[in-house]
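Undergrad: Pasting the sequence and the predicted model now:
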Amino acid sequence: MRAVEIKAYGGPEVLQVVDVDVPEPGPGQVSVDVAYAGINFADLKARETGYRVPSLPFRPGLEVSGRVRALGAGVTGLTVGQEVAALSAGGAYAEVVVTDAATVFPVPSGVGLRTAATLPTVLPTSYALVHSVGRLQPGETVLVQGAAGGIGTVAGQLAKAAGATVLGVVSSAGKAGFAKEHGAYDEVFVGDFEKAVRDATDGRGADLALDPVGGDTFRASLASLAVFGRLVSFGNASGAAAWSVGQPELFPYGVTVGGFSILTLAQTAPAELRSLAERAFAKVADGTVTLPVTAEFGLAEAAEAHRLMGSRTSTGKLLLAVGG
């Protein structure tokens, strides 16, 4: 089969298509004939810095849609040929991927495989940020960094459906237009946002801030919170040193900071992830949220997909079309 592999860390050019043996599922695992693979920022970090890479050579890719190819010993509840969406620890840029059965989810009725490839990371993450960790309440204000990205788009829609006022932050005017059109944002700010958030909330600040950037953006998001506000960190796209907070930041206004990683949750609490994914996927099936696929590439074009995402100009969701 064909797969995308890296043998050394570096730029997009290190992504190479190779011919390899078809993997077989072990106990508790499932193999999937891949139709589409999602592109995520974590894939770029893996390629550049070795983020979550156990060893080289390594096949990137965290999410796919496709059909069950084979079941490992002890797997129940899935059938060969069934359409599924799956989260993987790696290897999704391939014609066949093997992953734990706990992170393989039936595709909701009425959802095609192309749309299903947008679900495994973005939908559960967005749902957790807004509801499980963020605990957003009707009438509150949420501030979302990266509002034109996949998670930003879905989180905005979920927050609006929950009855919140939704504020977004993006890096360009073009992204602001996309966020307003697809993310249900009430206002979108370009660049600096602290004063704009205070102005938009009559000085009160945001009840919930969602931050995948870290560094200065994390600190500005924390400073933008209302009394008793919550900040949820779910990434460090800036590459800045890990954040830390303590009494000086938290005590004055009673704010709290939480975190979320779907990849970590898949390892530590797979049953909770399955429950979370089921609730999140239902929001696609009932039409509450949609995530536009804005660019699609062939398997051999993975480097081009990485260049586009790495340019920070992309919006929505990027996919690799593998098996059609």
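TA: Structure's in. What do you need?
Undergrad: For Val75, which non-adjacent residue is closest in space?
TA: Excluding its sequence neighbours, the residue lying closest to Val75 (Cβ to Cβ, 6 or more residues apart in numbering) is Ala101, at 4.5 Å. For the C-beta atoms, the positions are set from N, CA and C on the backbone; glycine is no exception.
Undergrad: My guess is that neighbour contacts Leu78. True?
TA: Yes - between Ala101 and Leu78 there is a contact under Cβ atoms under 8 Å: 6.6 Å.
Undergrad: Which neighbours do the two have in common?
TA: Both Ala101 and Leu78 are contacted by 30, 71, under the criterion Cβ atoms under 8 Å, 6 or more residues apart in numbering.
Undergrad: Look up which helix or strand Tyr185 falls in, please.
TA: Using DSSP states H and E, Tyr185 sits in no helix or strand.
Undergrad: Need the pLDDT of the residue lying closest to it once chain neighbours are set aside.
TA: Sequence neighbours aside, Gly168 is the residue nearest to Tyr185 in space, at 4.4 Å (criterion: Cβ to Cβ, 6+ apart). Among the per-residue scores, Gly168 holds a pLDDT of 98.
Undergrad: part of a helix, is Gly168?
TA: No - per DSSP: H, G, I helix; E, B strand; the rest coil, Gly168 lies outside any helix segment and is strand.
Undergrad: list the contacts for it?
TA: Gly168 neighbours (Cβ under 8 Å, 6+ apart): 143-145, 147-148, 152, 156, 176, 179, 183, 185, 187-189.
Undergrad: which one of those residues sits closest to Gln247?
TA: Each of these was checked against Gln247 using Cβ to Cβ; the closest is Leu143, at 23.3 Å.
Undergrad: That closest one falls within a helix, correct?
TA: No - using three-state DSSP, the assignment for Leu143 is strand, not a helix.
Undergrad: So what sits opposite it in the bridge?
TA: When bridges are called by DSSP bridges, Leu143 pairs up with Leu167, Ala209.
Undergrad: Heading C-terminal from the helix or strand containing Met309, find the next helix or strand.
TA: Element membership for Met309, per DSSP H and E: helix 302-310. Toward the C-terminus, helix 302-310 is succeeded by strand 317-321 as the next helix or strand (DSSP H and E).
Undergrad: Pull out the buried positions in that following strand.
TA: Neighbour counts over strand 317-321 (16 or more other Cβ atoms under 10 Å) mark 317-321 as buried.
Undergrad: Check stretch 3-11 too.
TA: 3-6.
Undergrad: Present these as TSV; the columns should include distance to Val68.
TA: Formatted as TSV, the buried residues of stretch 3-11 follow (distance: Cβ to Cβ, whole Å):
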residue	distance to Val68
Ala3	19
Val4	22
Glu5	24
Ile6	27
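Undergrad: got a list of what the residue minimising distance to the centre of the chain touches?
TA: When the chain is reduced to its mean C-alpha position, the nearest residue by Cα atoms, centre = their mean turns out to be Val122, at 3.6 Å. The neighbours of Val122, taking Cβ under 8 Å, 6+ apart as the test, are 38, 150-151, 154, 291, 317.
Undergrad: So which of those residues belong to helices?
TA: The helices, defined by DSSP state H, take in 150-151, 154 from the contacts of Val122.
Undergrad: Tell me the one of those nearest Thr264?
TA: Ile151 (15.8 Å).
Undergrad: I'd say the closest one and Thr125 touch.
TA: Yes - under the criterion of Cβ under 8 Å, Ile151 is in contact with Thr125, at a separation of 5.6 Å.
Undergrad: where do the contact lists of the two overlap?
TA: By Cβ under 8 Å, 6+ apart, the residues touching both Ile151 and Thr125 are Phe234.
Undergrad: Would you mind confirming that Gly74 makes contact with Gly26?
TA: No - using Cβ under 8 Å, Gly74 is not in contact with Gly26; the gap is 9.8 Å.
Undergrad: shared neighbours, the two?
TA: In contact with both Gly74 and Gly26: no residue, using Cβ under 8 Å, 6+ apart.
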